[in-house]
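Undergrad: Sequence first, then the predicted structure:
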Amino acid sequence: MGNIIKSVKFEEIYGEFYSEGDAKSLVVIFPGLKYGHDKPLLYYARKAAQMSGKDVLCLNYDKKLDWDDIGKEIIGVVADECYNIIGNCMKRNYECIYFLSKSIGTEVSGRTAEKLGASKVKFFYLTPTYTAIKYIEKFKGLVIAGTKDSIFENKYIEEVKKINGSKLMLIEGGNHSLEVKEEVIHDIDVLKAVVNKYIDFFEEEQNGEV
């Protein structure tokens, strides 16, 4: 576990900060509900970020939110605390910041970005919620979604397809965890494909594409 950075207002909200010492970039990971940093998509996101030499901040707010909170003002309250935690990690002047978010975390990250200012932020959205579409449109970035996601339905996927400047990767038959029912080997292949996207995403800065 990294260094714990606590919210001033809520003990249920905190960050785990993993520092590489001289990193020029910070990756902030916003988890989903019941999908924490120990789950495959987010575990390997942190691992890929650390392997690319970046500092990583894993935010935690699962005990403060519920599914009924999607689109509600409590998201803004959580985003305020995330903003403050991120501020505590930015003692150094990072050249680039990456927001990688999952599910309800895509909405939290959007609200946080509005407070932080997105000039140095790059965005990666995993299985977003429909309330995150306005942030995808505003901040752009890469979106990965499953075609059998009961939360981010196909009508929302069609909306993302119309957003100029954003990239969309679809997982055929994938649910809200990007898994396909009773297809374990296929799920591993999907995870591998997503991790390759992480690697590309984190290498963009090194290749001068930021």
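TA: Nice, thanks for sending it over.
Undergrad: distance from the centroid: which residue in the protein tops it?
TA: With CA atoms, centre = their mean as the measure, the chain has its most outlying C-alpha, relative to the mean C-alpha position, at Glu182: 26.3 Å.
Undergrad: what's the longest helix along the chain packed up against?
TA: With DSSP state H setting the assignment, residue counts place helix 184-203 as the longest helix in the chain. Counting contacts by 3 or more CB pairs under 8 Å, 6 or more residues apart in numbering; DSSP states H and E, helix 184-203 packs against helix 40-51, strand 96-102, strand 121-126, strand 141-146, strand 166-171. Glycine gets a C-beta too; all of them are placed from N, C-alpha and C.
Undergrad: Can you get me a residue count around Val195?
TA: When neighbours are defined as other CB atoms under 10 Å, Val195 has 16 of them.
Undergrad: Any figure for the gap between it and Tyr43?
TA: 10 Å (CB to CB, to the nearest Å).
Undergrad: Can you list phi and psi of the residue farthest from the centre of the chain for me?
TA: phi 60, psi 30 (degrees, to the nearest 10).
Undergrad: For it, list the residues it contacts.
TA: With contacts defined as CB atoms under 8 Å, 6 or more residues apart in numbering, Glu182 has no neighbours.
Undergrad: ditto for Lys138
TA: Gly110, Ala118.
Undergrad: pretty sure it belongs to a helix, no?
TA: Yes. Applying DSSP: H, G, I helix; E, B strand; the rest coil, one finds Lys138 inside a helix.
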